[in-house]
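Visitor: Sequence plus predicted model, see below.
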Amino acid sequence: MKRIGKEYTIEEKLKYLKYKVDHEDTPPSEKLDILEFLGHHTGLFGNELNPRIFLRELHRLTADIDPKPKEK
């Protein structure tokens, strides 16, 4: 199965999440989802990193990634 579009690195996806949290047009509920994801997967809540879950959640949160997000 061939993927359509660009493949993004984990670093690019994390930068995109930071952009979304910082952007005023991102709904508060989406910002909270991103912050919970980051807190959970950095061990903030005492959880060990599960790479499979981390990547699945990262993909879910960046499914709408824009190749050229507008700067503030």
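Guide: Sure thing, it's come through.
Visitor: Where do the helices of this protein begin and end?
Guide: 10-22, 28-41, 51-61 (DSSP state H).
Visitor: Any chance of TSV for those helices, columns mean neighbour count and mean pLDDT?
Guide: C-beta coordinates here come from the backbone N, C-alpha and C atoms, glycine included. Below are the helices of the chain laid out as TSV (neighbours: other Cβ atoms under 10 Å; pLDDT from 0 to 100):
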stretch	mean neighbour count	mean pLDDT
helix 10-22	15	94
helix 28-41	14	91
helix 51-61	13	92
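Visitor: wait, what's in contact with Leu38?
Guide: Contact analysis of Leu38 by Cβ atoms under 8 Å, 6 or more residues apart in numbering lists 17, 44.
Visitor: separation between it and Lys31?
Guide: 11 Å (Cβ to Cβ, to the nearest Å).
Visitor: tell me, how many neighbours does Glu7 end up with?
Guide: 6 (other Cβ atoms under 10 Å).
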